[in-house]
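In: Sequence and predicted model, in that order:
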Amino acid sequence: MILWLRYVMNKKELIFIVEDAPEGGLIARGLGESIFAQAEDMVSLKKEIRDAVNCHFADGEKPSCLLTAEE
C-alpha cells in the first residue's frame, strides 16, 4: 500500500509517502524534509506525523491542515 499524506503550509505542500513497514505497521517519510514516522495503524501514524512535523518546524512555519489521498 502506498498512501500520500499532504500538509498544506503557506501555499506549499509537504508530502509524505506512506508504505507498509517490513516489520509490520506503517512508515511515513516526508519528501524534501528529514521527517519520518512509524506506527501500527493509520490513525496512530497521522498522530505521529503531526508530532514529527510540530517538532521539525518553528511555530510560524507549521502546516495548518493534513490532507490524505490513497492511490
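Out: Now that the structure is in, tell me what you want to look at.

In: So, low pLDDT: which residues of this protein?
Out: The model of the chain has pLDDT under 70 over residues 1-12, 63-71.

In: if we go to 80?
Out: Judged by pLDDT under 80, the chain has its weakly predicted residues at 1-14, 58-71.

In: Which residue ranges of it form strands?
Out: In the chain, the segments counted as strands under DSSP state E are 2-9, 12-20, 26-30, 36-39, 65-70.

In: what lines up beside the fourth one in the sheet?
Out: Translated: strand 36-39. Strand pairing for strand 36-39, using DSSP bridges, gives strand 26-30 (antiparallel).

In: Run through who's touching the partner strand.
Out: 5, 14-21, 35-42, 45, 48-49, 53 (Cβ atoms under 8 Å, 6 or more residues apart in numbering). For every residue, glycine as well, the C-beta is placed using N, CA and C.

In: Now that we have these, which of them are buried?
Out: Taking 16 or more other Cβ atoms under 10 Å as the criterion, what is buried in the contacts of strand 26-30 is 5, 14, 16, 18, 35, 37-39, 42, 45, 48-49, 53.

In: I'd like the residues you listed as JSON lines, with distance to residue 61 appended.
Out: Listed next are the buried ones among the contacts of strand 26-30 as JSON lines, based on distance: Cβ to Cβ, whole Å:
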{"residue": "5", "distance to residue 61": "18"}
{"residue": "14", "distance to residue 61": "10"}
{"residue": "16", "distance to residue 61": "17"}
{"residue": "18", "distance to residue 61": "22"}
{"residue": "35", "distance to residue 61": "13"}
{"residue": "37", "distance to residue 61": "18"}
{"residue": "38", "distance to residue 61": "24"}
{"residue": "39", "distance to residue 61": "24"}
{"residue": "42", "distance to residue 61": "25"}
{"residue": "45", "distance to residue 61": "22"}
{"residue": "48", "distance to residue 61": "19"}
{"residue": "49", "distance to residue 61": "16"}
{"residue": "53", "distance to residue 61": "10"}
